[in-house]
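>>> Need coordinates for the following:
(2 chains)
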Number of protein chains: 2
Amino acid sequence: MFLAQQPMDAGHPPAGPLFSICTLVTRHAEYAAMVESFDARGFTPDKAEFLYLDNAKGHQWDAFQGIKRFLSLARGTYVILCHQDIRLLADDIETLCVRLAALDALHTDWALAGNAGAMADGSLVIRISDPHGEDQRRGNLPAEVVSLDENFIIIRRDALVSISAGLSGFHLYGTDLCLQARCAGRSAWVIDFHLRHLSAGKVDASFHQAQQRLEAHYDKVLSPPWNVRTTCTKLILGGGGLRHWLARRRLARRLK
Amino acid sequence: MFLAQQPMDAGHPPAGPLFSICTLVTRHAEYAAMVESFDARGFTPDKAEFLYLDNAKGHQWDAFQGIKRFLSLARGTYVILCHQDIRLLADDIETLCVRLAALDALHTDWALAGNAGAMADGSLVIRISDPHGEDQRRGNLPAEVVSLDENFIIIRRDALVSISAGLSGFHLYGTDLCLQARCAGRSAWVIDFHLRHLSAGKVDASFHQAQQRLEAHYDKVLSPPWNVRTTCTKLILGGGGLRHWLARRRLARRLK
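Numbering: from 1, shown residues only, chains lettered A, B, ... in the order given. So this is what the prediction gives:
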């Protein structure tokens, strides 16, 4: 049909790996041990690709920039963002696939999964071994959450999860991913996938700066109503209340 | 370093095409004419890949599902979502690259561009030839917009633009992309790239249903404050006003 161009039928795409495992690396020996622990639990080359960004010679890539790069390159059905200092334990690729399949049944539009976070009512949900304790299990899993800890986050790539522009650094990107998923009507979950994290998180001055920037960004976003004209119609989004209802009713009449 | 696994340095990725041109196809002859008009204007195989989804035997792929598939598969720096009934005119790939480079200078975090939309103040911006008129030019280009018409939309792929789950059909996905970009702190623009669209848009019953679903989705999203706990902190996002300020101040004190 075409001479030079060969359009690709996206309904029959080439097969990609099941998982893309993405890590910012500052210590290559530690990263190698992480990759080996994945490989030993079934994340073999036929099922997983490993992507890294090299921060060994200074922090060239912050987490937000890194995630944009990783998600642009990854070919896996699922993208795993994880720290170089996690190690898999008994739970393997089969365990993870079973846990993710269970989410499909709970919410068609789930987007994110991890091993620690907080529910909408503020209660923490955790499944991990780390310096705070061995074999921790808190909450009924799987549990829908509004935030995820950054040591281990799984993203369904076809969900097109975004991350906010204008934020940077190494804190709160798990929360930002959850908030972006929520803006798109998608959910995040803590699942029962047990691994070891060799370090505990830390909250320092850079954390509070990151929190302030995140708050400022979402204060700006969450300021309804959004009045949006298109080439075909007008929209009044959010804000609620009688005034909103009346304005939308007037608009609907005018468009009839 | 690794025997079986060969991690990829994402800092030095393999080169992809500059553009991924993505189209839902109902009439293959019309699509072939579209591809030829791109090819003749410099979108040659070294610079562009063409992806399509085949709706010739019924609408298997609605626009929202199609965009998810296209963005998951596309390898281009820029993804173009366009209708099968557009034809390029004198403006070519060079023109488009110059226009997109100009956006980089205007707003580092731009995400979307197109040829028709509306600005925040409600005024329409249009650059097109279509059944409504030849060589239309309305507004000062480039212009930042809050919505984009669907005949021709360019997405910067590294911006990770999302699209709302739970919406479907063939209407208002350009607006939804703009709203999702806004949630992520990104912008959308109408640029001076002149092409021909062979049909005019139509507003029918399915349009009004699509509008109601979009409104319901964003009414839910835009209902601050969002109270979000994480494993390290608590956030109160949006809502504004004195009560919000006091609550955040109390929280900051408690966390000290």
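
>>> now the helices for the stretch 101-250 of chain A?
A:173-183, A:205-221, A:241-255 (DSSP state H, counting those that start in this stretch).

>>> Deepest-packed of those, please.
Here the criterion is mean neighbour count by mean count of other Cβ atoms under 10 Å in any protein chain shown, and of the helices of the stretch 101-250 of chain A the winner is helix A:173-183, at a mean of 25. Just so you know, the C-beta spots here come from the backbone N, C-alpha and C atoms, and that holds for glycine as well.

>>> For chain A, which element, helix or strand, carries the lowest mean pLDDT?
Least confident helix or strand, chain A: helix A:241-255 with a mean of 71, by mean pLDDT, DSSP states H and E.

>>> Skip the chain neighbours and tell me the closest residue to A:Phe207.
Excluding its sequence neighbours, the residue lying closest to A:Phe207 (Cβ to Cβ, 6 or more residues apart in numbering or on different chains) is A:His171, at 4.9 Å.

>>> Surely the one you found and A:Lys202 touch.
No: taking contacts as Cβ atoms under 8 Å, A:His171 lies outside contact range of A:Lys202: 9.6 Å.

>>> higher neighbour count, those two?
A:His171 (27 against 9; other Cβ atoms under 10 Å in any protein chain shown).

>>> any idea how far B:Ala105 is from the more buried one?
Separation of A:His171 from B:Ala105 (Cβ to Cβ, to the nearest Å) stands at 30 Å.

>>> do the same with A:Leu242
To B:Ala105, A:Leu242 is 44 Å away according to Cβ to Cβ.

>>> dump the residue contacts of the residue nearest to A:Phe207.
Listed by Cβ atoms under 8 Å, 6 or more residues apart in numbering or on different chains, the contact set of A:His171 reads A:63, A:150, A:206-207, A:210-211.

>>> Would you format the residues you listed as JSON lines with pLDDT included?
Output for those, formatted as JSON lines (pLDDT from 0 to 100):
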{"residue": "A:Ala63", "pLDDT": "97"}
{"residue": "A:Glu150", "pLDDT": "97"}
{"residue": "A:Ser206", "pLDDT": "89"}
{"residue": "A:Phe207", "pLDDT": "92"}
{"residue": "A:Ala210", "pLDDT": "94"}
{"residue": "A:Gln211", "pLDDT": "95"}
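
>>> Out of these, which comes closest to chain B?
Nearest to chain B out of those is A:Gln211 (Cβ to the nearest Cβ; 5.9 Å).

>>> Which residue comes closest to the closest one once chain neighbours are left out?
B:Thr233 (5.9 Å).

>>> Give the next helix or strand downstream of the helix or strand where A:Lys68 lies.
Per DSSP states H and E, A:Lys68 falls inside helix A:63-73. On the C-terminal side of helix A:63-73, the closest following helix or strand by DSSP H and E is strand A:78-82.

>>> Quick one: low-confidence residue ranges for the stretch 1-150 of chain A.
A:1-3 (pLDDT under 70).

>>> So what sits opposite A:Arg127 in the bridge?
Note on A:Arg127: beta-bridge partners by DSSP bridges are A:Arg137.

>>> Report the contact partners of it.
So A:Arg127 contacts A:115-116, A:136-138, A:141, A:190-194 (Cβ under 8 Å, 6+ apart).

>>> Most neighbours among these, which one?
Neighbour counts for these, by other Cβ under 10 Å, peak at A:Val190, which reaches 29 neighbours.
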